[in-house]
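Trainee: Fold the stuff below for me.
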Amino acid sequence: GSGIPEMKTILRGVILKEYLTIRTFLTKIAGLTLALGSGLPLGKEGPFVHVSSIVASQLGRLIHGFKGIYENESRSTEMLAAGCAVGVACTFSAPIGGVLFSIEVTSVFFAVRNYWRGFFSAACAAIVMRVLIPVLKDPELDLNAFFQTHFPPGKAFTLEEMPFFVILGIICGLLAALFIFLHRSLVLFLRRNELMKKIFQRYWLLYPMLVTLLVGIITFPEGFGQFMAGKQKFTRTVHDLFMNCTWSLPGTNPYGCHTNVTKNWSGKEGDTPVFTSLWGFSVVFYFLSILCTTLPIPAGIFMPVFVLGAAFGRLMGEHLSAMFSGFIFGVKSQAIYPGIYSVVGTAAFAGAVTHTVSVSVIIFEVTGQVLFLLPVMIAVIISNAVCSYFQP
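Mentor: Okay, here's the model as predicted:
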């Protein structure tokens, strides 16, 4: 699993044996690497929280100068709290949002004196990650935000669009509530159904194999996957969804997207409408994410809901652009940017599923822009309220 529920339990004072050991650390790293490499719609934030917490715990054991901290239960808890912040910060290199998010998802009570520890450790982790990524992963990557956006300041959205952001928040809240309900129902069914228990307890590899086979068949790039960017990784998909151009407009239009962006979403022949691809991707990815997050492997749920929110927002933005001919209420001076709706949808859906508001701060850090502060906050609060009403 992700590891966040167990960390929440430990931070409340419950002792879980063998959960913060070197053996668990190595197992988690190996399992997470294989899970991410499989191409399944899974994330890494939860496992990163667990892994960083193990590192924090083992520092207290292995380093002589920290032995006093390990022996002191209060100090040990403070180390684990800082470790949780590091885990979230390392996912998107977002130290501020990482600290706030880790507090929301792991703590019922949080001591104010731990703030600086969390921020300091998260900032150090983010700096090291930003420096190492260009060296180890891709020389073209730099120190910019993970999903850098380039929306024009002052023209990205208008006051007239606020009702649409409210509607997007309501839709994301309802979809998040349904997501949680279906996920919980599937988990309970697998645990309580006698036939499923007998089969999967005896042949425990069968369920992961069946799910992986199903995902591979559906997302195969030469098959149905050609209509939903089956060749791309999550990060590239998010970049496409956050683009400040309109997919449904031709590339010759000043507000349209280049064919390099839309070619992964329009099939081999390039004649599949973007609305068909977006609807197909959103629906298929929605149910595959629910299915894959029930697998008994180290994986998180944040990245799948992050991508789903971006798809939902993009879908709404493209429909609005088509409805108003690319301009809000026909005013030629104010174009509709579907990418803004994608960013807002990401924050709203991810915040609703995780029942957190700090996702807003993470969004600002990973996009490198704060100009959509108002629509993001409105959508996140509304989606949280709607989802909490149906799935508290």
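
Trainee: How about the contacts made by I217?
Mentor: Neighbour list for I217: G223 [criterion: C-beta atoms under 8 Å, 6 or more residues apart in numbering]. In short, each C-beta sits where N, CA and C put it, glycine included.

Trainee: Does it lie in a helix or a strand, and which?
Mentor: Taking DSSP states H and E as the criterion, I217 maps to helix 206-219.

Trainee: Check the offset of that helix from the chain's centre.
Mentor: Computed by C-alpha atoms, centre = their mean, to the nearest Å, the chain-centroid distance of helix 206-219 equals 21 Å.

Trainee: Ok, stretch 116-129 next?
Mentor: 20 Å.

Trainee: and it, which residues are buried?
Mentor: Neighbour counts over stretch 116-129 (16 or more other C-beta atoms under 10 Å) mark R117, G118, F119, S121, A122, A123, A125, A126, M129 as buried.

Trainee: which strands and helices sit next to the longest helix that the chain contains?
Mentor: Counting residues, the longest helix found in the chain (DSSP state H) is helix 162-192. Where contact means 3 or more C-beta pairs under 8 Å, 6 or more residues apart in numbering; DSSP states H and E, helix 162-192 is packed against helix 194-202, helix 274-292, helix 302-323, helix 338-354, helix 373-390.

Trainee: right, so of those, which gets closest to T259?
Mentor: Among the helices and strands packed on helix 162-192, the nearest to T259 by C-beta to C-beta is helix 274-292 (11.8 Å).

Trainee: circling back: how about the helix holding I217 as CSV, C-alpha atoms only?
Mentor: C-alpha atoms of helix 206-219 as CSV (Å, rounded to 0.1, in the frame of the first residue of the first chain):
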residue,chain,number,x,y,z
LEU,A,206,-3.4,-14.0,-9.7
TYR,A,207,-5.1,-10.7,-8.9
PRO,A,208,-2.1,-8.5,-9.8
MET,A,209,-1.5,-10.5,-13.0
LEU,A,210,-5.2,-10.1,-14.1
VAL,A,211,-5.3,-6.4,-13.4
THR,A,212,-1.9,-5.8,-15.1
LEU,A,213,-3.0,-7.8,-18.1
LEU,A,214,-6.3,-5.8,-18.3
VAL,A,215,-4.4,-2.5,-18.1
GLY,A,216,-1.9,-3.5,-20.7
ILE,A,217,-4.6,-4.6,-23.2
ILE,A,218,-6.6,-1.4,-22.7
THR,A,219,-3.6,1.1,-22.9
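
Trainee: now the closest residue to G225 other than its chain neighbours: how far from T294?
Mentor: Excluding its sequence neighbours, the residue lying closest to G225 (C-beta to C-beta, 6 or more residues apart in numbering) is T219, at 4.3 Å. Using C-beta to C-beta, to the nearest Å, T219 is found at 18 Å from T294.

Trainee: Looking at those two now, which is surrounded by more residues?
Mentor: Remark: of T219 and T294, T219 carries more neighbours, 22 against 17, as counted by other C-beta atoms under 10 Å.

Trainee: Need the per-residue pLDDT for the more buried one.
Mentor: Reading off the confidence values, T219 has pLDDT 84.

Trainee: what about F349, neighbour count?
Mentor: Count around F349 with other C-beta under 10 Å applied: 32.

Trainee: So what touches stretch 179-194?
Mentor: Counting by C-beta under 8 Å, 6+ apart, 196-197, 200, 207, 286-287, 289-291, 293-294, 305, 353, 387, 390-391 sit against stretch 179-194.

Trainee: And for the nearest residue to S277 once chain neighbours are set aside, the neighbour number?
Mentor: Nearest in space to S277, with sequence neighbours left out and distances taken as C-beta to C-beta, 6+ apart, is W265 at 4.2 Å. Using other C-beta under 10 Å, W265 has 25 other residues around it.

Trainee: and W265, what does it touch?
Mentor: For W265, the contact set (C-beta under 8 Å, 6+ apart) comprises F227, M228, A229, D240, W247, T272, V274, S277, L278, F281.

Trainee: ok, and the closest non-adjacent residue to the fifth one?
Mentor: What that stands for is W247. What sits nearest to W247 in space, not counting adjacent residues and going by C-beta to C-beta, 6+ apart, is V274, at 4.2 Å.

Trainee: if I look at the one you found, how far off is F287?
Mentor: According to C-beta to C-beta, V274 and F287 sit 21 Å apart.
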